[in-house]
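Chemist: Build the 3D model from these lines:
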Amino acid sequence: MTILGAIGLPMLLAYLLVAADLRPDLSELKPAQPSPDESTVLIGWPELDKTDRHSMAVLGRRVRMLGYMMDGYKPSREGDPVDIFILLPEAGQLLHPAHRIPNQMIEIWLTRPASFQYRELVWVSGVLDRSPGRPESDKAMYALTNAIVDRAAERDIKRWFTP
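Modeler: Now for the predicted structure:
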């Protein structure tokens, strides 16, 4: 019984911590409706796969995306003003950090500094383009320049996107 308690209790605690910290994965969501702003295109994470050489429809255009705010290439402290951060489709969990896959990472270059909020769900609008990153590196393949960031709510996911 002692062995069961010694193994089972930590496993149960780890499960509860991870379950309490889960956030929705946005990587497969597609826009359910167009952006309310005619000059900005609402895109989902699957559309980044369509921005190859043959289909450059959204590159160079102002887009709006939903994602999770993560550290840039250097660690940032909670609440510090930042000019750049990384946007990811998943937030990771307390015991398992988010995957940093170059074609699912976007460098966000802000027009004015914003308060850094690790793993915060945010809306970001800016001009989408390729970054100098390479698929085999740990750098983002995409960048949003002249970007602005706004807080988002989980209800925005169901309102604006479909699986």
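Chemist: Do a quick rundown of the strands in the protein.
Modeler: Applying DSSP state E to the chain gives strands spanning 30-31, 41-42, 62-70, 81-88, 106-115, 121-130, 142-151, 161-162.
Chemist: what's the most buried one of the ones you listed?
Modeler: strand 62-70 (a mean of 23; mean count of other CB atoms under 10 Å). Yep, even glycine has a C-beta here, placed from its N, CA and C like the rest.
Chemist: what's across from the residue positioned nearest the centre of the chain in the sheet?
Modeler: Taking CA atoms, centre = their mean as the criterion, Leu88 is the residue nearest the geometric centre of the chain, at 2.3 Å. Here Leu88 sits in beta bridges with Tyr68, going by DSSP bridges.
Chemist: Distance-wise, check it relative to Leu128.
Modeler: 15 Å (CB to CB, to the nearest Å).
Chemist: and if you look at Pro89?
Modeler: Relative to Leu128, and taking CB to CB, Pro89 is found at 15 Å.
Chemist: what does Glu28 give?
Modeler: Distance from Glu28 to Leu128, by CB to CB: 19 Å.
Chemist: Kindly report the same for Gln117.
Modeler: Taking CB to CB, one finds Gln117 at 22 Å from Leu128.
Chemist: so what's the residue nearest to Arg61 when sequence neighbours are not counted up against?
Modeler: Nearest in space to Arg61, with sequence neighbours left out and distances taken as CB to CB, 6 or more residues apart in numbering, is Val41 at 5.6 Å. With contact set as CB atoms under 8 Å, 6 or more residues apart in numbering, Val41 has these partners: 34-35, 58, 61-64.
Chemist: rerun at 6 Å
Modeler: Listed by CB atoms under 6 Å, 6 or more residues apart in numbering, the contact partners of Val41 are 58, 61, 63.
Chemist: Ok, Trp109 next?
Modeler: 84, 145, 147 are the contacts of Trp109 under CB under 6 Å, 6+ apart.
Chemist: can you do 8 Å?
Modeler: Trp109 sits next to 83-84, 126, 143-147 when contact means CB under 8 Å, 6+ apart.
Chemist: With Trp123 instead?
Modeler: 64-66, 149-152, 156.
Chemist: ok, it to Glu38 distance?
Modeler: 17 Å.
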